[in-house]
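below are the sequence and a predicted model; questions follow.
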Amino acid sequence: MTLFTLLLVLGWERLFKLGEHWQLDHRLELLFRRRRRFSLLRTLAMTLLAMAIAALVIWSQKGILFGVPQLLVWILTGLFCIGAGSVRLHYHAYLKAASQDDVAAHQAMAAELTLIHGVPVECSEGEFLRELQNALIWINFRYYLAPLFWFVVGGPYGPVLLVGYAFLCAWQSWLAKHQSPLQRAQSGVDGLLHVIDWIPARLAGVAYALLGHGEKALPAWFAALTDLHRSQYQVLTSLAQFSLARDPHLDKVKTPRVAVALAKRISLVLVVVVALLTIYGTLV
């Protein structure tokens with residue numbers, strides 16, 4: 001059921017999921033606006049409550065009509081928690097503005113794409129484009145690779161883990177957009193995601209390393225296995241840059257497209273791996 005659900009969700013996401021209508025973070029904004037106090041305990045409590053609700057809904061459908069309602073709940077959970085509908089719109093708006101040399105518009109869209117980790121205040125055009133590539137690699141990880149990882153490894157609990165992960169990502173994004181860095185730090189969400197992303201970031205990193213310059217990328221990946229200081233963003237994007245270095249661009253349209261094309265290949269690799277594991281009976 002995991003593979004079937006995954007293929008349906010990804011197919012729907014590519015064809016129809018544009019904008020915020022099918023995104024969990026958009027649906028949670030009303031709840032987030034009511035938050036006035038921020039702490040790690042509150043973040044954990046909200047996340048566990050979201051996971052408990054998801055578990056209750058899924059298991060309440062077990063055994064009804066040969067499991068069809070439960071399958072539909074799995075699919076709907078995947079649709080709301082996997083994919084980057086509104087971010088994809090920002091990306092396409094950036095490409096359109098950049099191709100038309102609309103500086104203000106393309107910088108505004110770039111700011112949306114680099115919202116979580118930002119860009120150095122004073123940097124060259126080449127450094128800015130490299131950071132934009134890194135942001136796009138991270139967006140693919142945050143909205144596709146990591147959610148798929150937790151959905152797959154969770155087995156029958158996959159949708160519950162997926163809801164918990166998507167909730168934390170939505171909370172982090174909302175805090176980055178609407179609250180101060182201090183309030184975001186008080187929430188503890190960055191620290192939680194740092195721990196949660198440790199394994200999926202390194203699994204994605206090895207895929208980037210294998211597609212990159214092996215003599216440099218693989219040693220860097222092995223070093224990342226014992227790296228407890230750098231953020232997962234730095235670990236993943238540094239490994240991805242070994243592959244991106246094959247096609248150096250200083251063009252504000254071509255450079256992000258190269259990063260997105262690479263990220264799509266990595267996502268395809270993950271789906272193929274899941275399919276093979278399902279065929280050989282490792283997954284159900």
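Perfect, I can see it now.

just give the nearest non-adjacent residue to the spatially most central residue of the chain, would you?
Geometric centre of the chain, nearest residue: R142, 1.3 Å, by CA atoms, centre = their mean. Ranked by CB to CB, 6 or more residues apart in numbering and with sequence neighbours excluded, the top spatial neighbour of R142 is C169, at 5.9 Å. Where you see a C-beta, it was placed from the backbone N, CA and C, and this is true even at glycine.

I figured that neighbour hits I139, correct?
No - with contact defined as CB atoms under 8 Å, C169 does not reach I139; the gap is 10.7 Å.

return the helix or strand in the chain with minimum mean pLDDT.
In the chain, no helix or strand scores lower on mean pLDDT, DSSP states H and E than helix 2-16, which sits at a mean of 75.

by contact count, what packs against that helix?
helix 68-81, helix 146-153, helix 254-279 (3 or more CB pairs under 8 Å, 6 or more residues apart in numbering; DSSP states H and E).

give the buried residues for the first one.
In other words, helix 68-81. P69, Q70, L71, V73, W74, I75, T77, G78, L79, F80, C81 (16 or more other CB atoms under 10 Å).

residues making contact with stretch 129-140?
84, 87, 91, 110, 113-114, 116-117, 119-120, 123, 208, 233, 236-237, 240-241, 244, 249-250, 252, 255-256, 258-260, 262-264, 266-267 (CB atoms under 8 Å, 6 or more residues apart in numbering).

of these, buried ones?
Buried, going by 16+ other CB under 10 Å: 84, 87, 91, 110, 113-114, 116, 119, 208, 233, 236-237, 240-241, 244, 249, 252, 255-256, 258-260, 262-263, 266-267, out of the contacts of stretch 129-140.

surely L161 touches G154?
Yes - counting by CB under 8 Å, G154 is a contact partner of L161 at 4.0 Å.

who's more crowded, those two?
L161 (21 against 16; other CB atoms under 10 Å).

check which helix or strand that one maps to.
Using DSSP states H and E, L161 maps to helix 158-178.

any idea how far A54 is from the residue located most distally from the centre of the chain?
Each residue of the chain has a distance to the centre, and by CA atoms, centre = their mean the biggest one is for L65: 33.6 Å. In this view, L65 and A54 are 20 Å apart by CB to CB, to the nearest Å.
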